Every structure is written in C-alpha cells, then in structure tokens.
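[1] predicted coordinates and the sequence they were generated for:
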Amino acid sequence: MEHGANTSALELADVIEGWDFPRECDRDSSSSASATTDTMVPCGLSSIPVSHNSLTDSLESCGFVVFDNAAGSQYANALRKEILDLFRDGSLQPSLNKLATARDASGVVSSGHELQKSGVWELDVVVNGEVRAPWVFKKAPCVSQFFHRDGPQLARLLTRGHPQLKLLDTVDTIKLQYNEGIGGCFPMHYDTSSAHSQREITAIIYLNPEWKAGDGGELRLFPFPLDVMDVAPMHDRLAVFNSTEMLHRVMPATAPRLCFSVWFSREPDVAPMCLPSRLPQQLHLPAEQASMLQFLLQPQNRRLLSKVLYGEDYAQSFKDAFGLRPEVDAALGLHAADVRKANNALSPELRDLVQQSLPLPLPRELQRVVEVDRAAALAPVDEVATIVSHEARADVLCNAAESTDHDASGGNAVPIVGGTTGALFNPAFLRIVQPLYDMHMGVENMAPLLYSLIRFTKPIRVLEVGAGYTSPFMLQALKDNYTEMSAYKEQHLAGKCTVGEHNMPWCVDEYMRKAGTEEHFGVLHCIDNLAHEHTTAHLVIEAAQALDALDHLDLYIKDAWEYAKTCPLPEADQESLDMVWLDFGQGDKLGLFIDQIWPRIRPGALVLCHSTLTNSLTRDWLETMRARANDVTDVLGPFATLSMREPHKVFQNSFSIFQKRRDFAEPVLTKYP
C-alpha cells in the first residue's frame, strides 16, 4: 500500500495489523456486504495481457509490472467520480500513518512519540477480507463491483500469469485514497511483512486524467539491488508489485492525486514469494558477482542492506512526508542510528560491494509500461503479406481490421487492410510524448505534421534545431519507416509487391535494394542549448528510451548558431541532409543560419521553419526568401517555397517550407497515375 501505520524508523512502514478503524454507526449500513450494483460498468482488468513468460520475468527480476489502459476509461472515470464524491462528503478521513520519533531501550516506539501524517485522506472499505464499510457499496457501485467481481477476476488472472503466486480469488483489502497539499506523499516503506500478514500482491489503479509532468505524486519503487523506478500516477494506470519485499514511497505532489489500492493474499500454508527473486538476465553479470548479489536478495539480507544502500533516500522521504520540524529531526536521528547499526553488521567486503557496485541499472526492457490496446490490434507482417491480389501492403502499422472491396474489373471480393494508423495514433505513444508538450511552443499540430512528412518522404538524415515536443514524433516516424521498409523489402524480394492481373511492380527496385539496410537507417540529429525558459528538450532522451528509439537519435547540447559557424561538415558530408526542421526562436539569425546550412542539404530535400508569417522580424526575412526563390544566380536558388498559418492563434502559428530545386527533378516512373 502507499502508507504504513505507527511506523518505526527501523522498519519504517511495516503494516501494523489491527488498527482501530472508525465505525460508521451513523451511516446507512443496512445494505448487505454481498450486495452488488444492478448496472455493471464495463471493466477491462480481466483482459490485461499477462502471458506466463512476461509476467513471471517482470515480477521475478524486478518485482513489479505496470499496465496502461488497465481498466478502460469508462470504469476508471466512474471509479474516480465515486472516490471524489466520498471525499467531498467527508467519508474519507485523515491518514492514520504516523512516524516514530522515540523508542525505548528495547526498540519499542514510546507512547505519545509519534508524528501524525497530513495531506492524505483515506477510507478502508475492506480489511483482511472483512467489509468494514458496507454502506460504501451503495454509494460507490464500482467499488462494490470490484470487490465482488472484478477483483477476484484480476487475482485469478495474475495467478494464471505467474502460477507460483497462488493468490486467493478474493480481495483482501480495498483502500480509497485522496492526496493533496504539503505532506500529501508517503515515506519509504514496505506494505507488510510475511510475519504480519498473508498479503502477497499490491495493486494500485491511478485515477488522475489531468496529471502532467511536474505534478509529482509518482510511485517510486526501490527493487533492491536495482536502481529506482518512478511510476507516474497517470489515469487508468495499474501498478502491481510484491507487498512484502518491494520498498517504495510516494513523491511530493503539486496537484490532487487519487488512487484505488487493493491487496491480494496468498493461499493458506503457501510460502510467501520474495520478489524480485533473481537478477535480470539482461545484466549479463560475471558469475562470481551474480552469486554474491543473489545471496543479498534473500529476505533477511534485503531489508538490512536497503538501509545502507538507500539511507539518504529514506531520510529525504521523511522530510517530504512530514515536513521540517523538530519531531522529524528526532525521527531522522533514529534513522541514522539504524543505518549505523546496519553498516556495522556488514563485513568490509560486503559494505564495499553495496557502496561501490549498487544499485545495478534497471534494464530498459523492464522499465516499459505494458500498453493494453483496447482498440484493434496491429497486424503482423506475415498477415499483411498475404494481401496481394488487390493492393500489396507491407506497412506493418496497418490496422488489422479487414474490409472487402472489389477490383476495378468487378472480380471477386478480396480482403484489404482497413487503413494505416502508425505508432503516432497509439495511446502509449501519446502518453510518452505528453510530458514534452508546452503550450508556449505552439507545435501541437506541427509535431504530427512532421511525423507525416517523414513517413511520406522517407528521409534518412534529419536535422532538428530546437528539441522538444516535435522530437519524439520525428524519431517515431524514422523508426516506423525502417520497420515498414524492411517489411516491404521482404515482400519485394519474394515477388509479392505487385498490383493487378498483370502483376505490375508496386515498388521501385533500385530503392528497395537499399531498404532495410544500415544505409537506410534514419537518424535524427538534434541540436539544442537548453536555454529557452519553456524548453522540454531535456526530456527528449527519456522519451526516446520509452519509445525504444535511442538508436535513431544523436543529441547535441550546443548552440546551433555557433555550431553551424565553427563546425562545417567535411566534404563527404556535403549535401547529406534529407530534411531540416528549424525551431530555434532567433528570427534575426534565421537567414544567416539558412545560408550556412544550405550547402549541406541535398537537392530535393525539405527545410521547414517555424513561426515565419505573423511576426514582423521573421516576415521580412520570408519576403526576401520568396524573392530569391527563382533567382538562379542566388546561392540558394532555385528553390520552391510554401507557407501555412493556423488562423486561431496569435503567435507560434505558422511555418514555411523550402525545397532545394537546384540539380533536382522528380523521376517519371509510369504513364498513368
């Protein structure tokens, strides 16, 4: 769970069972605990993808797994409304979480020396399988539905995905939670221990549709001995982790934060799982080091060593959750004593290993959020490759939904692909790029346009000056191009890329010979000096990692103007750029930069400049460019140009596109369209 009660500084937030939960005698509790709502809200939890191998690998090697679109928007929206209504009518009470500030000689928390938690309101509807607040089921039908139907289904699904879990197909505990204001976060803790409880799995559904980067409130996981993992509390996101062995905390938030937390218990007489239970295979550690670290993963070692490894994180979490006051200083003193005690218990060799080699990097494959696709699945290459009699398509980003159509001669109906979607329209992609958006930058429509232009024109070397929201769109387009062209090449070489009864070739043979090779592996060369007050360029690498597109990115933290003046490309790299996107906010230098970069642009390539029409400084330059377009004596000419404007915006509302036409003409490939 996301808090502990009466926490000692040694165990921090182990759950103390048997809390004195308030009785709701004044409420209508006549409704039976088994009552269910007459109208079920569609819930997608029973269909989240938990194949045996993927779930087992995630839980055993890092102790957690995260799903997006977990329950479906209708269910998540309804659940959020129910919790908000209960909070507003006073049903949620201040958190019982406390911080110990003194202990007696035996280590027991001294009576009255505890600091109360603020900024968090909670309601425990079910505890240890017992319905503590039956009246909630009448006011919150989705909560009732989860307890009676959706929760047990999720427990069975998780057990199918990882049979060793052996979860009971009932819900152990349900907690509704609302966080807001200073202190609306939690210190580092374990949800429980195997000595105190049968709880095995914690599952949290986040219900924050307006969450954005910078709002805070992330769930920070500490999967010892791996590095930390932050899970943003995005709407309809489900985080699942081991209740007994996953050290975690909640980061400070600047916006209200809602979550629906549940716990599942293991079957009686079943030994508890200790997750993570092995080191990720992706680390490829030497055998001797792996053996030593595997020893450290044993439960009796893990908690002790976590004190040493994450000592500073522990202390900061106390300050964040309880503020800076004398009582917190007392708790920090207890914590420092615990860390010294843990350090003294280690051998010098073990202490060196922990301090010098840990934490280990968390493999990128295990950081990914599993996207639950509620729409049609994307068609794999081998399925699309069978569609050849009407329209041969290798685009692996096509929607798998099929329709039928008739060819021009009125022949038999044949299946065709329902339409290209591409990763641009994938909800997971949109979530990844959202933190990079800043309204002041004005590229909300420009970014998808750049994606489409790159998908259409298939550039290989792309230069972007001014990183940010547009960067992941361009990276994804380059990645999608390489995937698409590799699939096309496979079909082309197999003789399947033909059209009509005469098997006319669909693809240009010369181009397809290079497709899917290193020569056609697109790269975005991105330059930014991180100086703009609204920049989100620093998030580009994180987005590229999340999109698995780092191989397509070269990021330079430099001033583009100085870079262009002082670092001319070698002769071999002249006319090597296929597309240039300029969004660097220096209208007075734009003309000089274009003149400097133009020799590096290949004939036929496109140069796009942002915000060129409605500010006087850049407009003067644009009018000069228009006059130069057809001047064959000009160093730039001839070139083609087109400008477009967003009519609803005052600024950041336009772009101009230039195509280098010198020594360039499009080929003629057919007589008819």
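    Nice, thanks for sending it over.
[2] I'd like to know how far the spatially most central residue of the chain sits from residue 659.
    Centroid check for the chain by CA atoms, centre = their mean gives residue 432 as the closest residue, at 5.1 Å. As defined by CB to CB, to the nearest Å, residue 432 lies at a distance of 31 Å from residue 659. No exception for glycine: its C-beta is placed from N, CA and C like everyone else's.
[3] ditto for residue 622
    As judged by CB to CB, residue 622 and residue 659 stand 15 Å apart.
[4] when these two are compared, which one has more neighbours?
    Per other CB atoms under 10 Å, whichever of residue 622 and residue 659 has more neighbours is residue 622, with 20 against 17.
[5] list the contacts for the more buried one?
    Residues in contact with residue 622 (CB atoms under 8 Å, 6 or more residues apart in numbering) are 612-613, 643, 656.
[6] out of the residues you listed, which end up buried?
    For those, a burial check counting by 16 or more other CB atoms under 10 Å picks out 612, 643, 656.
[7] any chance of those residues in JSON lines, plus pLDDT and secondary structure?
    What follows is the buried ones among the contacts of residue 622, written out as JSON lines (pLDDT from 0 to 100; DSSP: H, G, I helix; E, B strand; the rest coil):
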{"residue": "612", "pLDDT": "89", "secondary structure": "coil"}
{"residue": "643", "pLDDT": "94", "secondary structure": "strand"}
{"residue": "656", "pLDDT": "93", "secondary structure": "strand"}
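[8] distance to residue 426 added to these, as JSON lines?
    Below are the buried ones among the contacts of residue 622 laid out as JSON lines (distance: CB to CB, whole Å):
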{"residue": "612", "distance to residue 426": "31"}
{"residue": "643", "distance to residue 426": "31"}
{"residue": "656", "distance to residue 426": "30"}
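[9] which single one of those is nearest to residue 252?
    Checking the buried ones among the contacts of residue 622 against residue 252 by CB to CB gives residue 612 as the nearest, at 41.5 Å.
[10] isn't that closest one right next to residue 652, touching?
    No - checked against CB atoms under 8 Å, the pair residue 612 and residue 652 is beyond contact range at 10.7 Å.
[11] sorry, back to before: what is the nearest of the contacts of residue 622 to residue 85?
    Proximity of those to residue 85 (CB to CB) peaks at residue 613, which lies at 48.4 Å.
[12] now the closest one. Nearest residue, chain neighbours left out?
    Among residues not flanking residue 613 along the chain, residue 654 sits closest, at 3.8 Å (CB to CB, 6 or more residues apart in numbering).
[13] show me what contacts the one you found?
    Residue 654 makes contact with 610-614, 643-646, according to CB under 8 Å, 6+ apart.
[14] go again with 6 Å.
    Residues counted as contacts of residue 654 (CB atoms under 6 Å, 6 or more residues apart in numbering) are 612-613, 645.
[15] ok, those residues vs residue 138, which is closest?
    Comparing those against residue 138 with CB to CB picks out residue 645 as the nearest, at 55.4 Å.
[16] any idea how far the nearest residue to the closest one once chain neighbours are set aside lies from residue 616?
    Leaving aside its sequence neighbours, residue 645 sits nearest to residue 654 (CB to CB, 6+ apart; 4.3 Å). Distance, residue 654 to residue 616, using CB to CB: 13 Å.
[17] just residue 507 next, same as before
    Distance from residue 507 to residue 616, counting by CB to CB: 47 Å.
[18] neighbour-wise, which of these two wins?
    Taking neighbours as other CB under 10 Å, residue 507 and residue 616 compare with residue 507 leading, 17 against 7.
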